[in-house]
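**Q** got a predicted structure here, sequence first:
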Protein chains: 2
Amino acid sequence: MNAQPSDLIRQTQALSADVTRPISGSRKIHVTGSREDIRVPMREVELTQTPKIFGAEINAPFAVYDTSGAYTDANATIDLTTGLPAIRAAWIAERGDTEQLPDLSSHFGRARATDAKLDHVRFPGLRAPRRAIAGANVSQMHYAKRGIVTPEMEYVAIRENQKLDAIRDAKLLRQHRGESFGAALPERMTPEFVRDEIARGRAILPNNINHPESEPMIIGRNFLVKINANIGNSAVTSSIAEEVEKMVWAIRWGADTVMDLSTGKHIHETREWILRNSPVPIGTVPIYQALEKVDGRAEELTWDIFRDTLIEQAEQGVDYFTIHAGVRLAYIPLSAKRVTGIVSRGGSIMAKWCLAHHRESFLYTHFEDICEIMKAYDVAFSLGDGLRPGSIADANDAAQFAELETLGELTQIAWKHDVQTMIEGPGHVPMHLIKENMEKQLAWCGEAPFYTLGPLTTDIAPGYDHITSAIGAAMIGWYGTAMLCYVTPKEHLGLPDKQDVRDGIITYKLAAHAADLAKGHPGAQARDNALSKARFEFRWQDQFNLSLDPDKAQEFHDETLPKDAHKTAHFCSMCGPHFCSMKITQDVREYAKEHGVADDAEALERGMAEKAAEFRAAGGEVYRPE
Amino acid sequence: MNAQPSDLIRQTQALSADVTRPISGSRKIHVTGSREDIRVPMREVELTQTPKIFGAEINAPFAVYDTSGAYTDANATIDLTTGLPAIRAAWIAERGDTEQLPDLSSHFGRARATDAKLDHVRFPGLRAPRRAIAGANVSQMHYAKRGIVTPEMEYVAIRENQKLDAIRDAKLLRQHRGESFGAALPERMTPEFVRDEIARGRAILPNNINHPESEPMIIGRNFLVKINANIGNSAVTSSIAEEVEKMVWAIRWGADTVMDLSTGKHIHETREWILRNSPVPIGTVPIYQALEKVDGRAEELTWDIFRDTLIEQAEQGVDYFTIHAGVRLAYIPLSAKRVTGIVSRGGSIMAKWCLAHHRESFLYTHFEDICEIMKAYDVAFSLGDGLRPGSIADANDAAQFAELETLGELTQIAWKHDVQTMIEGPGHVPMHLIKENMEKQLAWCGEAPFYTLGPLTTDIAPGYDHITSAIGAAMIGWYGTAMLCYVTPKEHLGLPDKQDVRDGIITYKLAAHAADLAKGHPGAQARDNALSKARFEFRWQDQFNLSLDPDKAQEFHDETLPKDAHKTAHFCSMCGPHFCSMKITQDVREYAKEHGVADDAEALERGMAEKAAEFRAAGGEVYRPE
């Protein structure tokens, strides 16, 4: 441990103090599965009793999905220099289809591991990598196709169910019938359903065998919509410790996966620290590091350099790779007349390579070779949209859809190798053109999970692009997108700070939830029901604790009503006692009870429904130009 | 002037210093109409030349819609104690159908005007009110139905066109074909089109004859989507000067109308100060003030008190009244089993009155009497949705739609009197139930403009409800809603401060613009095109100046790239020179030009289109469960 740089040790302390306290108003619980070592984490929110005037009801604790890992567990001790426990190690070993390698397989990895100049930044006690034994395929898709339900699949089923029975018992299950546009949402999640979705490629469970610290999660249109947060030290100054802190901060607010877009001279060591301490899947864009290896000269990239980079990162435990294999030579001219050309970094790197050599992209020509690497570690594809539109003007153009077609072809090849695959999507798209993106992706890519950046629905609000994009994200999530890549307020302008990351994540959590509600995901409305009931009953603290950002909600409330007494007052700061509509609704209820109208409210409702029907008919007449 | 309270004088200075400087990177211009006194304000953004490496193009100045009034005009002098010039006074007088009254008509107004205790807060030099001469109807709808094109209508046509010819000359007119769901968007706005839309009730031009300071604007589904901002001193402490400051702040960021929801003992005087200094239409909810007159005891409200309040406010110049005449006795029990009951203040006040007396609402029984008042001053109806849902669970229920049916009936009555009318809408609605709201409103209310609060698409993000609601607002705006009432981050939690107001307004401006783009409003995409072109060419300053919040964009950019030099650098902070995709796109363009592919890009595109078609067919096969 003495070899460890003091700043990382300090950071370990800092973490404990800063981002590792339990989330306000909730405690970590674990739901155990069919075996003792399947322990699925959730956050349980304790709720207070309904005030007497509203009926003095007992409100059962409410469990919410939790991505924050051990960091928010009051009973866990955190030491970044040892990393998180390898909860999946036994499951991986049991399968007997992997072996521990004597040494790293990549030249680059080996060189870094033995370079004394890196001792001060290297993660202590590097674990020897695992790889599939010769001829074996260790992807969850491979197991799924053979009918094998892995512990990872059972874990995910429990996690997605979110204690549905408790929700039913608490009478919070009532929700609107959704519109899922042909998705196949089950009434409850089962391990077998999870297996079937993975087998048919409609969902992925990204968990590299070299990232046994990860808590299994699933990405697919028939599961809860997920969100990704990006981190990365583009700024030369940002230290390894800061990147780990950013990751912990991101999952605290709800990031389901994190992409490490780090660049700079310690990119390899930074990634190791992040992986050893991350309970969520980590994604990367390997071409960024490959480009660093040729000093930023895209034309000097080679398949060998890229291949070594894939193996280097696969053996560290990266769970999914963004690979822009759809940027083909023939498509590049299609971007020539665009308003904003090629805006994807990876896409532009490959475009430059293709032009420089006037040859087909090596990512495309070597795609099957890449598949061989992916299945030996269970790394999932995130097929990159290198030709995504960077402006409203360029939305849904020939370049974009030409690439999407190719991503569909590549999906079929990946599936032939049982490699888990998702597809990346735009970008900048006006609202009325969003659905076409989803429909083409579902049709051309065989329902492989769609993973979109926004899309942004206008170009004119820099500084607010987390919002312009949340509008598109919520809509495309409703239409069938499985994971939404967050956008922060700094998009197009600069590098996000901690506050920007929090704003971006909460914004995307609410967009993803809006999509779950609209799709009619089983139990999705329960949290809205619980929070609105608390709001109606002036259970302020419960309202805060059930919200996506309890700290922000409480802080905003206290600005106007500082006294703690007010938090249980039966009116709020906006209207005061005279105007309180909630108070008046109580009068309505009492009146209704006295006059027995509450009981024939249904009768009245039926009457109204008939009236409504008449009116629709009449409506046709009313609605007529003069 | 000595009678004026010093704090108002101070505020006048404060205003000049704080919110009245020109908006960054633009200057006020005026487009003159068919007569010299029709001078339509716009903000013109000066653009720099395209850098040489991108072609050294000249970029013409770009004009944007402007709601900020004289406050941002470098050539205007502001004195709150004298108010804004009465730009419409001549137009109103010319029509010869109004008379100046010797005194205020309302008992309350007269009492306030002569109460010496109010001298220190009263607006100096109260103007005598105008009213229609006996038997006359002075509503814009009345003129429109008779084929009269008023100066207000011409003003609006020029304002909505946004210098379309300049946009065409700048080659920025190119945009996607929209989906307007049966709206009737013209290729360009003409005074005659404006007249026709008002005549058929599909748009309103709210401008009380006693608010001649207002700059005409229009609200209708075939015009730019508008937004409203609410102000109001619920906090007893907030002074009159602060409320005026809030109004000026709100229009600075883009509020098209402002609703004054003030309560408290100086509600009447506060309103006078706001109206005399407001260039945008002002709306109110008269029942709030009526309730104050009976010390908050809803059951003591009477038609006479309410009637006197309508006249009091009409003679001050309020442009539209929210009136909850659709909350009928029979509908109240329908809310008894809701999760959040009645959440509208006005709705709950009327519900309480109806229950207390077990009688039909006096707003409903006296509706024609109200129409008589409205048409004597040209006050527009905003028929309130007192039974709107306050939670996802209560969305689209019997109570809500029963009221909407009634608002449709009342619209027909208002139109019989040629009174301009819009309809208020929800509320909390999950995405998949939003369209039903719009379709029913269009059918039942004869396409009268819809004016919605959000809707919020989830309940679980207090502190971020400007965003949960912007998702619903953008969608319903696309479907046909004419005006969006903003929601701030403090919704459900407390009273918004200045920063919250700014966040709420910019969020709603971008949502409204997203809707204009999706509907295919003529020229709507031009600003996106101009900004994206600036972004692609690294014209940072132009990008900031064209955005909805230039200050925020610049501030965020400068956090990461403080040096002014960088603002013209040909790469940005996110990627640095190595990764710059914009730079690489230039290589693509040069390559394409050399190989002459740019010119047959269309040919290539056609080829791609065919390929895409093949793929859609093939898609049916790919997309098949195993």
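**A** It's in.
**Q** pLDDT value on residue A:431, please?
**A** If you check residue A:431, the pLDDT there is 98.
**Q** so how far is residue B:425 from it?
**A** Distance check for residue A:431 against residue B:425: by Cβ to Cβ, to the nearest Å, it reads 19 Å. Any C-beta I mention is one placed from the backbone N, CA and C, and that applies to glycine too.
**Q** likewise for residue A:192?
**A** Counting by Cβ to Cβ, the separation of residue A:192 from residue B:425 is 44 Å.
**Q** so those two - more neighbours on which side?
**A** residue B:425 (27 against 14; other Cβ atoms under 10 Å in any protein chain shown).
**Q** beta partners of that one?
**A** The bridge-partner assignment for residue B:425, based on DSSP bridges, gives residue B:452.
**Q** residue A:380 too?
**A** residue A:320.
**Q** shouldn't it be in contact with residue A:423?
**A** No: counting by Cβ atoms under 8 Å, residue A:380 does not reach residue A:423; the two are 11.3 Å apart.
**Q** okay, and the helix or strand of chain A with the least pLDDT?
**A** The weakest-scoring helix or strand in chain A, judged by mean pLDDT, DSSP states H and E, is helix A:601-622 (a mean of 41).
**Q** name the nearest residue to the spatially most central residue of chain A, sequence neighbours excluded.
**A** Nearest to the mean C-alpha position of chain A, by Cα atoms, centre = their mean, lies residue A:227 at 2.3 Å. Spatial nearest neighbour of residue A:227, chain neighbours left out: residue A:508 (4.2 Å); criterion: Cβ to Cβ, 6 or more residues apart in numbering or on different chains.
**Q** report the mean confidence score over the strand or helix carrying the one you found.
**A** Using DSSP states H and E, residue A:508 sits within helix A:498-519. Across helix A:498-519, pLDDT averages out at 97.
**Q** and residue A:139, how far is that from residue A:149?
**A** Computed as Cβ to Cβ, the residue A:139 to residue A:149 distance reads 15 Å.
**Q** same question for residue A:512.
**A** Taking Cβ to Cβ, one finds residue A:512 at 26 Å from residue A:149.
**Q** of those two, which one has the most company?
**A** residue A:512 (26 against 18).
**Q** show the subsequent helix or strand relative to the helix or strand harbouring residue A:270.
**A** Counting by DSSP H and E, the element that carries residue A:270 is helix A:267-276. Using DSSP H and E, the helix or strand that follows helix A:267-276 towards the C-terminus is strand A:282-284.
**Q** quick one: that next one to chain centroid distance?
**A** 12 Å (Cα atoms, centre = their mean, to the nearest Å).
**Q** report the buried residues of that strand.
**A** The neighbour-count check on strand A:282-284 (16 or more other Cβ atoms under 10 Å in any protein chain shown) flags A:282, A:283, A:284 as buried.
**Q** any weak-confidence spans in chain A?
**A** Within chain A, the ranges that satisfy pLDDT under 70 run A:1-14, A:16-18, A:233-238, A:561-584, A:591-592, A:594-626.
**Q** which elements pack onto the helix holding residue A:270?
**A** In terms of contacts (3 or more Cβ pairs under 8 Å, 6 or more residues apart in numbering or on different chains; DSSP states H and E), helix A:267-276 is packed against helix A:107-113, helix A:240-253, strand A:257-260, strand A:282-284, helix A:286-293, helix A:303-316.
**Q** what's the helix or strand just after the helix holding residue A:508 packed up against?
**A** Later in the chain than helix A:498-519, the nearest helix or strand by DSSP H and E is helix A:526-536. On a contact count with 3+ Cβ pairs under 8 Å, 6+ apart, helix A:526-536 meets strand A:62-65, helix A:540-546.
**Q** change it to 10 Å
**A** Helix A:526-536 is packed against strand A:39-45, strand A:62-65, helix A:164-169, helix A:498-519, helix A:540-546, helix A:581-594, with contacts defined by 3 or more Cβ pairs under 10 Å, 6 or more residues apart in numbering or on different chains; DSSP states H and E.
**Q** strands of the stretch 1-150 of chain A, start to end?
**A** Assigned by DSSP state E, counting those that start in this stretch, the strands in the stretch 1-150 of chain A fall at A:26-32, A:39-45, A:62-65, A:98-100, A:130-132.
**Q** domain ranges for chain A?
**A** Chain A is divided into the following domains under the TED database: A:319-453, A:572-625.
**Q** which residues of the stretch 1-150 of chain A lie near chain B?
**A** Proximity of the stretch 1-150 of chain A to chain B (Cβ under 10 Å from any Cβ of the partner chain) is limited to residues A:64, A:145.
**Q** is residue A:63 bridged to anything, and to what?
**A** residue A:44.
**Q** identify the residue spatially nearest to residue A:462, adjacent ones excluded.
**A** Using Cβ to Cβ, 6+ apart, the nearest residue to residue A:462 is residue B:553, at 4.3 Å.
**Q** make that residue A:138, sorry
**A** Here the residue nearest residue A:138, using Cβ to Cβ, 6+ apart, is residue A:132, at 4.5 Å.
**Q** hang on, the one you found packs against residue A:100?
**A** No: the criterion here is Cβ atoms under 10 Å, and residue A:132 misses it with residue A:100 at 11.8 Å.
**Q** now residue A:202, what are its backbone angles?
**A** phi -80, psi -10 (degrees, to the nearest 10).
**Q** residues near the nearest residue to it once chain neighbours are set aside, how many?
**A** Of all residues not flanking residue A:202 in the chain, residue A:447 sits nearest, at 4.7 Å (Cβ to Cβ, 6+ apart). Residue A:447 has 27 neighbouring residues, counting by other Cβ under 10 Å.
**Q** quick one on the thing from earlier: can you redo the strands of the stretch 1-150 of chain A as TSV with mean neighbour count and distance to residue B:404?
**A** TSV is the format used below for these (neighbours: other Cβ atoms under 10 Å in any protein chain shown; distance: least, Cβ to Cβ, whole Å):
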stretch	mean neighbour count	distance to residue B:404
strand A:26-32	16	39
strand A:39-45	20	35
strand A:62-65	21	33
strand A:98-100	14	62
strand A:130-132	21	62
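**Q** to residue B:256, which of these lies closest?
**A** Between residue B:256 and the strands of the stretch 1-150 of chain A, the tightest spacing by Cβ to Cβ is seen for strand A:62-65, at 38.8 Å.
**Q** now that closest one - C-alpha only, PDB.
**A** Output of strand A:62-65 as PDB, limited to C-alpha atoms (Å, rounded to 0.1, in the frame of the first residue of the first chain):
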ATOM      1  CA  PHE A  62     -41.100   1.600  -0.700                       C
ATOM      2  CA  ALA A  63     -38.200  -0.100  -2.500                       C
ATOM      3  CA  VAL A  64     -36.600   1.700  -5.500                       C
ATOM      4  CA  TYR A  65     -34.100   0.600  -8.100                       C
END
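**Q** which neighbouring elements make contact with that strand?
**A** strand A:26-32, strand A:39-45, helix A:151-161, helix A:164-169, helix A:526-536, helix A:540-546.
**Q** let's see that with 8 Å instead.
**A** By 3+ Cβ pairs under 8 Å, 6+ apart, strand A:62-65 packs against strand A:39-45, helix A:526-536.
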